[in-house]
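[1] when you get a sec, could you give me coordinates for this:
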Amino acid sequence: MANNNQKQNTAIQSSSTERAEVEYDRVINVCELRKINMASVSRSWSFCEKHESEENQEFKVERIQKLVEEIKSKGSDIPDTDIAKYDVALENLIKLDPHKDTMPSPKPPQYTFAEENVKKEKLQKLIGYIEHVENILEKPKPKIPEDYRGYLKPKTLPVAGSYDEVKLKQEFKVLRSFETKNKISYIVPKEQGFEAWVILGDSITEVDCTEQNTEIIPTPVKTLDQKPILPCTNKNNELLIGFQNKSSIKQLQVTQKSKRISYTFNTGINISSGKSVLACFCTSATTDEEQIACFQDKTSTVNYILRWYLKGKQKKQEIYLTSDIELENPIQMCQNPDGEIFILCRPEGKQSWIIILNKSYEKKLKYPSKTSAKDIDFVGFGLIKNHVTVSDRGNSEQLLIDLNGLVIQRDKHDVPPVCCYVDRSSNVWVGFDDGRVKVINYQTENEYAVAHSDTKF
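    Okay, the predicted model is just below:
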């Protein structure tokens, strides 16, 4: 009996040992399998963390964008309590969460972004440290010649230089157009509506373009017996016209009795020039009761003199412009409200240029500052706010230039222009070789300096 019990215990012990060995082998195999899978599990966990971090960042970006739009929609009438609320909300969104956010990796600065990423870029600048979106496409730089003076960022304004093509522009709209069937010398708007004086050969005519879709016929009012110098108008819209080697600038006085209108020349400005010759003149933009005249010094043909006239009489103010100003055969001048003076030089057999004098009558800018391969022949210009529009006969073009010498826009004419003038409503009056006149306006839907600032002039 004892022997049977001993055998039974030995069998049970042996069976237990075998089961233990089998279980041990199973555990070892499981451990080995776990070791193999640990790296994969770790990588999966890291991926989940990164995915969660990206989702958290995207949530912050969307939330900040919604808050910014909400603040803009309320304008300046935001209560103090709302300001505090928005400040706390934005502060919490900007704070870094080390458990959820990923620190940005250093990257070189990117100054030009693809158009579709501009909105994203602004949000990234606001947050400051959110990691940049991968694969942002850098805007390709245009292929440009060696003498190119253009720029890609409107805040960097290089020195005025070359004469290049503009690719983007705003609308150049023709408001009025009419034919004179005669050779056009000058056009002088009357500064009211669409009325102007037009000098055709030796005849002064009046035109009124106020009514649209009606035939416009210039009305002759006075005959000239000598070649005029570019005229202008005074504050009463009376025509002032000068002549070479004459001691006065004539004023065309208009009188009306019953239904009859008469036109007579009176002495508008006494310019007893002495040892100087009248080159060009204009009405002052700082006070419309004054006129400014530019004279060439007979004793030194490279020097010029600026003189001011009030109510037809010369003031004591007189400025001598020496050869370093680079004036040569000036044919047109004007002044802006800041007191800067613009003078168009058109020497025979040479390319034309424009000189800008600052308020101290020192040369501020000449453009183009360099000789161009193109045939530049400016025949007239005018001011539109902080821009200059110029008619280029040599290339049959109308240029729009800012005061830094940057060409904002270039528009092609179908016929070479012969003169150009700008009225107080910023309408551009251009006369052409074939006797036509166009009244043109730069439409204001587009901004000058951002989208169109590609080239220098």
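
[2] gap between residue 175 and residue 385?
    18 Å (C-beta to C-beta, to the nearest Å). Heads up, the C-betas are built off the backbone N, CA and C, glycines and all.

[3] could you do residue 292 as well?
    For residue 292, the distance to residue 385 equals 20 Å [C-beta to C-beta].

[4] who has more neighbours, those two?
    Just comparing residue 292 and residue 385: by other C-beta atoms under 10 Å the higher neighbour count belongs to residue 292, 22 against 11.

[5] name the residues that touch the strand or helix carrying the more buried one?
    Assigned by DSSP states H and E, residue 292 falls within strand 290-297. Outside strand 290-297, the residues that touch it by C-beta atoms under 8 Å, 6 or more residues apart in numbering are 232, 234, 240, 242, 249, 269, 271, 273, 275-284, 303-310, 315, 320, 327, 330, 333, 335, 341, 343.

[6] how about 6 Å then?
    By C-beta atoms under 6 Å, 6 or more residues apart in numbering, the residues outside strand 290-297 that reach it are 273, 276-284, 303-310, 330, 333.

[7] just checking, next helix/strand downstream of that strand?
    strand 304-310.

[8] what angle separates that next one from strand 290-297?
    With axes from the mean of the first three to the mean of the last three C-alpha atoms, to 10 degrees as the basis, strand 304-310 and strand 290-297 are set at 150 degrees to each other.

[9] sheet-wise, list the partners of strand 304-310 with their directions.
    strand 290-297 (antiparallel), strand 313-321 (antiparallel) (DSSP bridges).

[10] hey, C-alpha coordinates of it in PDB?
    Output of strand 304-310 as PDB, limited to C-alpha atoms (Å, rounded to 0.1, in the frame of the first residue of the first chain):
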ATOM      1  CA  TYR A 304      18.600 128.300 -65.300                       C
ATOM      2  CA  ILE A 305      16.600 130.600 -63.000                       C
ATOM      3  CA  LEU A 306      13.300 130.100 -61.200                       C
ATOM      4  CA  ARG A 307      11.100 133.100 -60.500                       C
ATOM      5  CA  TRP A 308       7.800 133.500 -58.700                       C
ATOM      6  CA  TYR A 309       5.000 135.900 -59.800                       C
ATOM      7  CA  LEU A 310       2.000 137.000 -57.700                       C
END
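
[11] that strand - what's its average pLDDT?
    On average, the pLDDT along strand 304-310 is 93.

[12] buried sites along that strand?
    304-309 (16 or more other C-beta atoms under 10 Å).

[13] what's the answer for stretch 267-287, then?
    Using 16+ other C-beta under 10 Å as the test for burial, stretch 267-287 gives 268-269, 271, 273, 276, 278-285.

[14] quick one, helices of the chain?
    For the chain, helices defined by DSSP state H occupy the ranges 2-74, 80-94, 118-127.

[15] now stretch 350-357: average pLDDT?
    94.

[16] tell me the buried residues in it?
    For stretch 350-357, a neighbour-count test (16+ other C-beta under 10 Å) marks 351-357 as buried.

[17] again with stretch 236-248
    239-243, 248.

[18] what lies in contact with it?
    190-191, 197, 226, 228-229, 231-234, 249-252, 267-268, 270-272, 278.

[19] likewise for stretch 199-217?
    For stretch 199-217, contacts defined as C-beta under 6 Å, 6+ apart pick out 176, 178, 180, 182-183, 185-186, 193-196, 198, 218-224.

[20] which of those residues are buried?
    Members of those classed as buried by 16+ other C-beta under 10 Å are 176, 178, 180, 185-186, 194, 196, 198, 218, 221-222, 224.

[21] from these, which single one is nearest residue 368?
    Taking C-beta to C-beta as the measure, residue 368 lies nearest residue 186 of the buried ones among the contacts of stretch 199-217, at 24.5 Å.

[22] any idea what the residue nearest to that closest one when sequence neighbours are not counted is bridged to?
    Using C-beta to C-beta, 6 or more residues apart in numbering and skipping the chain neighbours, the partner closest in space to residue 186 is residue 199 (4.4 Å). Counting by DSSP bridges, residue 199 forms beta bridges with residue 186, residue 204.
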